[in-house]
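K.L.:
no sequence on this one, just coordinates:
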């Protein structure tokens with residue numbers, strides 16, 4: 001993706017004086033899902049990390065609204081990748097009780113892609129699948145730089161929607177994995193997901209196992225992904241052996257945590273953004289309790305991807321990536337969907353703004 005490919009129109013003074021109509025492309029969730037390929041999203045997320053590491057992106061920390069009586073929250077996420085001239089604002093919720101109470105998804109989102117030249121809305125699209133895809137891609141890219149090469153055993157804790165794009169990202173990134181273990185506090189969800197994975201990935205994965213405990217998921221694994229809504233540690237320090245890499249995905253709001261702080265203390269601890277991570281990421285609870293300090297956080301992933309800091313430093317090193325999700329990941333992923341929609345003539349163009 002290059003700035004020259006942006007398809008952003010420049011309006012001449014004559015057009016501006018005549019109040020040229022502003023048309024916005026509308027893309028539904030089903031359309032976005034057809035437009036996004038994980039290989040492209042992996043590249044976009046890696047680009048996002050690199051641009052942030054090089055200081056070439058504007059990305060204020062997420063702004064939260066908390067709906068405490070409904071056990072939910074809403075986040076707004078603006079961003080601008082300057083030298084690629086791509087800008088967007090995402091609005092996304094997290095309501096953990098939605099599935100049980102309403103049969104709805106826990107996470108839903110919408111996104112406005114903006115023309116930086118004029119501020120006009122280029123596109124309005126469902127961002128639910130964008131969020132899923134870029135979050136899965138973030139784990140795979142972090143593992144590229146932080147896990148040992150060619151991991152053989154992947155442990156996945158949490159069998160919700162995010163597990164699906166985590167799996168897709170890993171098989172796209174690595175091509176083949178010897179063993180994938182799945183654990184969830186609801187065994188039926190683990191069973192169903194393992195059956196689904198066996199159908200989809202029988203050529204890329206040697207063996208799938210549903211395991212009955214988080215411990216069985218972690219011990220002996222090369223890479224572990226946690227994608228839960230837990231507020232207490234679900235991975236204990238004595239389970240994690242030398243060389244393990246952990247992607248902490250679930251902690252995305254104040255009070256959430258998935259790993260024993262002792263693991264974070266002895267690992268090479270990598271975050272995606274200090275302000276977000278300290279407020280609502282995996283490190284937020286141990287920081288608040290004094291179990292971690294800022295000095296325990298070693299580096300941001302963007303600095304590693306940009307080549308400014310090292311990633312994994314030895315085969316025996318334990319590494320942890322704390323992902324809060326970056327608005328620039330959504331921004332560049334949405335641009336892929338927009339460009340593909342333009343090329344394939346998908347979506348409906350409407351004049352929303354007068």
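P.N.:
Good, I have the coordinates. Computed from a prediction, not measured in an experiment: that's the story for all the values here. Numbers count the residues shown, from 1 in each chain.

K.L.:
mind checking the SS state of the spatially most central residue of the chain?
P.N.:
Note on the chain: the residue nearest the mean C-alpha position is residue 135, at 1.8 Å, using CA atoms, centre = their mean. Judged by DSSP: H, G, I helix; E, B strand; the rest coil, the three-state class of residue 135 is helix.

K.L.:
Might you report the residue contacts of it?
P.N.:
Shown in contact with residue 135 (CB atoms under 8 Å, 6 or more residues apart in numbering): 162, 165-166, 249, 323, 325, 329. In this view, the C-beta of every residue, glycine as well, is placed from N, C-alpha and C.

K.L.:
okay, now the residue nearest to residue 186 when sequence neighbours are not counted: neighbour count?
P.N.:
Leaving aside its chain neighbours, residue 186 sits nearest to residue 159 (7.4 Å; criterion: CB to CB, 6 or more residues apart in numbering). Using other CB atoms under 10 Å, residue 159 is surrounded by 26 other residues.

K.L.:
Residue 159 reaches residue 185, doesn't it?
P.N.:
No: judged on CB atoms under 8 Å, residue 159 makes no contact with residue 185 at a distance of 9.1 Å.

K.L.:
Tell me where the chain has helices.
P.N.:
For the chain, helices defined by DSSP state H occupy the ranges 13-17, 29-35, 38-53, 98-102, 128-146, 161-174, 187-201, 214-218, 261-266, 274-280, 284-289, 301-305, 327-344.

K.L.:
of all the ones you listed, which gets the most neighbours per residue?
P.N.:
Among those, helix 128-146 has the highest mean neighbour count (mean count of other CB atoms under 10 Å), at a mean of 26.

K.L.:
Around residue 313, count how many other residues there are.
P.N.:
11.

K.L.:
how does this protein divide into domains?
P.N.:
7-130+328-350, 135-326 (automatic domain parsing).

K.L.:
Which of these comes out lowest on mean pLDDT?
P.N.:
Mean pLDDT per stretch puts domain 7-130+328-350 lowest among the domains of the chain, at a mean of 92.

K.L.:
now residue 91: how far from residue 350?
P.N.:
19 Å (CB to CB, to the nearest Å).

K.L.:
So these two - more neighbours on which side?
P.N.:
Remark: of residue 91 and residue 350, residue 91 carries more neighbours, 15 against 12, as counted by other CB under 10 Å.

K.L.:
how about the more buried one, what does it touch?
P.N.:
74-77, 109-111, 127.

K.L.:
Which two among those residues are spaced furthest apart?
P.N.:
Longest distance between any two of the contacts of residue 91 is 13.9 Å, between 74 and 111; criterion CB to CB.

K.L.:
which of these two has more neighbours?
P.N.:
In this view residue 74 and residue 111 are compared by other CB under 10 Å, and residue 111 has more residues nearby, 28 against 16.

K.L.:
separation between the nearest residue to the more buried one once chain neighbours are set aside and residue 73?
P.N.:
Using CB to CB, 6+ apart and skipping the chain neighbours, the partner closest in space to residue 111 is residue 127 (3.8 Å). Separation of residue 127 from residue 73 (CB to CB) stands at 16 Å.

K.L.:
Looking at the two, which one has more neighbours?
P.N.:
Per other CB under 10 Å, whichever of residue 127 and residue 73 has more neighbours is residue 127, with 28 against 20.

K.L.:
ok, the more buried one to residue 314 distance?
P.N.:
In terms of CB to CB, residue 127 sits 39 Å off from residue 314.

K.L.:
wait, residue 221 sits on residue 155?
P.N.:
Yes: judged on CB under 8 Å, residue 221 makes contact with residue 155 at a distance of 3.8 Å.

K.L.:
anything in contact with each of the two?
P.N.:
residue 181.

K.L.:
Among these two, which residue is more densely surrounded?
P.N.:
Set residue 221 next to residue 155 and count neighbours by other CB under 10 Å: residue 155 wins out with 27 against 24.

K.L.:
Contact partners for the more buried one?
P.N.:
By CB under 8 Å, 6+ apart, the neighbours of residue 155 are 180-181, 183, 217-218, 221, 223-225.

K.L.:
now it: how far from residue 106?
P.N.:
22 Å.
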